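**Q** return atomic coordinates for the entry below.
(one chain, ligands or ions: 1)
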Amino acid sequence: MSLVGRGGSEGTSAVLEVWGQGRLLRELHVPSKQHGPLYSDGWFSLGPAWSPDESRIAYVAEEPPTTETPKWSGAAKTDGQEATDALPTATPKSWQGIGEYQEDWGELNTGKKTPALFPVWSPEGDQLVFTAWPHSPPNAPQFGNRLGIVYCMNRPCSLFAVPVPPSSSQSASGEPVLLTPGRLSACSPRFLSDGSKLVFLSNEPAAQTMTHMGTAELLTLDWPGALQNPEEGSAHTLVPVVQQSDLEEFPGLYPHALSESCFAGGNEFVLLTSQWRSRMALLAIDLKTGKVQDIGFSNQSWSLLGAGQGWVAAAASSPTQPPRLMLARLPSASTASKHSQWEWTALGPLGNQTTPDAVQSTLDGLQWQTYQVKAMTDPTDMPFEAVVVRPKGKAALPGVLFPHGGPHSAFPAAYSNLVAFQAAQGYAVIAVNFRGSTGFGEDSIQSLPGHISVNDVEDCIAALDHVVAEGVVDRDRVAVSGGSHGGFLTGNLLGRHADRFKAGLARNPVMDLSLMIHVSDIPDWCYVEAFGVQEAKRRMAARPAIEDLARFKEVSPISVLHQVKAPVLLLLGAKDRRVPLADGQQYGAALRAQGGTAKVIVFPEDTHALDRPQTEFETMINMISWLQQHI
Ligand SMILES: CC(=O)N[C@@H](C)C(=O)N[C@@H](C)C(=O)O
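**A** Reported below is the predicted structural model:
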């Protein structure tokens, strides 16, 4: 039977639908006094889950809101008066106050306050295993607020098991057991089908260093041994952190989570999608040896959809090919270690939507290539890459330099509407995976904090010089475009290399860290990236020192605004809690005040990603028109 959870209407906080035999079999209405809204956001929960015998359901929901009736003890006492107890009549009975402000989990998690459970059922159905995030992270005790969690794998988290109470009982029985002592990070618990092991991910380097993303580890715990004897060091590391790797070598793991159905070949493999240099790779990891196989075609980016009943389903795409549904029969245990045994069949476009002929012929007219670029600042021995998408042909084209956000993320050579659209309009889009991007080893990630506005900026220039020298891009017709930290790079490139760019396009850009630090849901990010890991740990404070603000200013685009010559388009989300609206607005106003050209568009309902369908459309139209006007 399958389960669907949805929000309830008046009086109920959730409805759980039980489906079977192609119809709705049962609806369970949960009264709103029981708990708040149901979670199925893919971070705190994937939605409701059956116990192994399908007799019980576990899910994550918001705790009921706390309300408080204000207390008042009558008039203030004057000198010489005897203290009296609060007057019972002084407490209003007919209404409730709103209670103390409760923090939530920041950008994209507005209103989510106390979920902190992501349960999976133990194989016997007698325990729930879950990930818990402490509300005040032990690696950043200096901040008085809860810190944002989206795109932040550095938030400490642990695995716990809690005994499931008997059906007759209303409350949990027994204390939760910490399964991962001694670790700052453990998440995504998944049981092997035979119940012998718990497989999980750890983002230990990110949690230790505070960089928002890092190289992950894959680990196992014996079950139920881990429950009976949870000791530091009892987890077995299957895939360790990779510090650095050569071009053809495995560069480490960068998954966001393990998928719900991630095991293949009985208990032979765990499957996951991970950044591999400038590509998303589909990996099969041998659960006995930890050997990692890249099982997709290397000219595509992959995304695992699920595995089960002898099959693996995945989506594969490239910058010039929208995602296609791919299916492979799971190889038998004896042949699975040979790469050639993974034979994929393309079933057609994902979502069953055929690509219209006009779109297909436009895409057929595009080409893409990944370039290896040499760094010009220290450390020069670290690899980085640029993916160029452009119309077919030999002529040098007007270029759009396109650095990604994060900064510890990457542009994978996968399909992107925005990039394909700009290439289809005659531009060469140069997506730069500068040093510090994910997918190139932990040393590369750690090389950037403390050097932002220098190394990331100079890598973008080196990538641009490289493709100009290759004859791909016309040096005199270049724009720079990016979002968030990519917007930070856009602003810095426009100011620090003003003669190189004819236009700038920035989406929710970080233009002034000394402004952002006070209002963002990730103030720690400003310290780590501006000062570097060690110095950031020494300085971090909820109330930054004057010298800290000076450094934030120094690395920020706002400090080189006076050198900007290009017109700048700013696309901003009014509900962005990561890089608040004021950051882009201040930049636009200051650019105009010095006689420059700024066009500012504010999307009133948008958050950081600017990804609501109409916003995406308007963003693309405005960007292309800006490019056509100015380069
Ligand atoms: C960690 C983080 O959110 N950093 C922002 C400044 C940023 O660049 N965000 C990325 C993820 C983005 O592309 O929006």
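**Q** list phi and psi for residue 320.
**A** The phi and psi values for residue 320, taken as degrees, to the nearest 10, are phi -110, psi 10.
**Q** can you report how many residues neighbour it?
**A** As a burial measure, residue 320 scores 21 neighbours (other C-beta atoms under 10 Å). For the C-beta atoms, the positions are set from N, CA and C on the backbone; glycine is no exception.
**Q** show me what from this protein comes close to the ligand.
**A** Residues of the chain lying close to the ligand (C-beta under 6 Å from any ligand atom) are 151-152, 212, 405-406, 409, 483-485, 510, 522, 525, 578-579, 608.
**Q** okay, strands next: where are they in the stretch 201-350 of the chain?
**A** 217-222, 236-239, 263-264, 269-276, 279-286, 292-294, 301-308, 311-318, 321-329, 344-349 (DSSP state E, counting those that start in this stretch).
**Q** dump those strands to a markdown table, plus mean neighbour count and mean pLDDT.
**A** Formatted as a markdown table, those follow (neighbours: other C-beta atoms under 10 Å; pLDDT from 0 to 100):
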| stretch | mean neighbour count | mean pLDDT |
| --- | --- | --- |
| strand 217-222 | 21 | 97 |
| strand 236-239 | 18 | 97 |
| strand 263-264 | 24 | 87 |
| strand 269-276 | 25 | 96 |
| strand 279-286 | 23 | 96 |
| strand 292-294 | 19 | 95 |
| strand 301-308 | 20 | 93 |
| strand 311-318 | 21 | 95 |
| strand 321-329 | 19 | 94 |
| strand 344-349 | 13 | 88 |
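**Q** can you redo those strands as CSV with distance to residue 37?
**A** Formatted as CSV, the strands of the stretch 201-350 of the chain follow (distance: least, C-beta to C-beta, whole Å):
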stretch, distance to residue 37
strand 217-222, 32
strand 236-239, 36
strand 263-264, 31
strand 269-276, 29
strand 279-286, 32
strand 292-294, 39
strand 301-308, 26
strand 311-318, 29
strand 321-329, 31
strand 344-349, 34
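**Q** need the max-distance pair from the residues of the chain next to the ligand.
**A** With C-beta to C-beta as the measure, no two of the residues of the chain next to the ligand lie farther apart than 152 and 483, at 16.7 Å.
**Q** relative to the ligand, how far out is residue 437?
**A** Plainly put, residue 437 is 12 Å away from the ligand if you go by C-beta to the nearest ligand atom, to the nearest Å.
**Q** point me to the residue of the stretch 51-200 of the chain nearest the ligand.
**A** residue 151 (4.1 Å; C-beta to the nearest ligand atom).
**Q** next: the chain.
**A** Taking C-beta to the nearest ligand atom, the chain has residue 405 as its residue nearest the ligand, at 2.3 Å.
**Q** that residue contacts residue 481, correct?
**A** No - Residue 405 is not in contact with residue 481 according to C-beta atoms under 8 Å; the separation is 11.7 Å.
**Q** what about the helices in the stretch 401-550 of the chain?
**A** Ranges of helices in the stretch 401-550 of the chain, per DSSP state H, counting those that start in this stretch, are 417-424, 442-446, 455-469, 485-496, 513-519, 523-531, 533-539, 546-555.
**Q** you'd agree residue 385 is in a helix?
**A** No - when classified by DSSP: H, G, I helix; E, B strand; the rest coil, residue 385 is found to be strand rather than part of a helix.
**Q** can you check the pLDDT for it?
**A** Residue 385 is assigned 98 on the pLDDT scale.
**Q** repeat for residue 116
**A** pLDDT, residue 116: 48.
**Q** what's the answer for residue 67, then?
**A** Residue 67 is assigned a pLDDT of 63 by the prediction.
**Q** buried set for whichever helix in the chain runs longest?
**A** Ranked by number of residues, the top helix in the chain under DSSP state H is helix 613-630. Neighbour-count burial for helix 613-630, counted by 16 or more other C-beta atoms under 10 Å, picks out 615, 619, 623, 624, 626, 627, 630.
**Q** and the gap between the first one and residue 481?
**A** When C-beta to C-beta, to the nearest Å is the yardstick, residue 615 and residue 481 sit 16 Å from each other.
**Q** these two touch, right, residue 419 and residue 318?
**A** No - contact between residue 419 and residue 318 fails when scored by C-beta under 8 Å: they sit 11.1 Å apart.
**Q** intersection of neighbour lists for these two?
**A** With C-beta atoms under 8 Å, 6 or more residues apart in numbering applied, the contact sets of residue 419 and residue 318 do not overlap.
**Q** residues touching residue 414, list them.
**A** 279, 280, 301, 317, 318, 319, 323.
**Q** got a pLDDT number for it?
**A** 98.
**Q** which non-adjacent residue is nearest it?
**A** residue 301 (3.5 Å; C-beta to C-beta, 6 or more residues apart in numbering).
**Q** just grab the bridge partners of the one you found for me.
**A** residue 317 (DSSP bridges).
**Q** ok, it - contacts?
**A** Residues in contact with residue 301 (C-beta under 8 Å, 6+ apart) are 279, 280, 281, 316, 317, 318, 412, 413, 414, 415.
**Q** just residue 457 next, same as before
**A** Applying C-beta under 8 Å, 6+ apart to residue 457 gives the contacts 489, 492, 493, 496, 497.
**Q** returning to that earlier point: in a markdown table, list the buried residues of helix 613-630 along with distance to residue 49 and pLDDT.
**A** Conversion of the buried residues of helix 613-630 to a markdown table gives the following (distance: C-beta to C-beta, whole Å; pLDDT from 0 to 100):
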| residue | distance to residue 49 | pLDDT |
| --- | --- | --- |
| 615 | 33 | 96 |
| 619 | 36 | 97 |
| 623 | 41 | 98 |
| 624 | 44 | 98 |
| 626 | 47 | 98 |
| 627 | 47 | 98 |
| 630 | 52 | 98 |
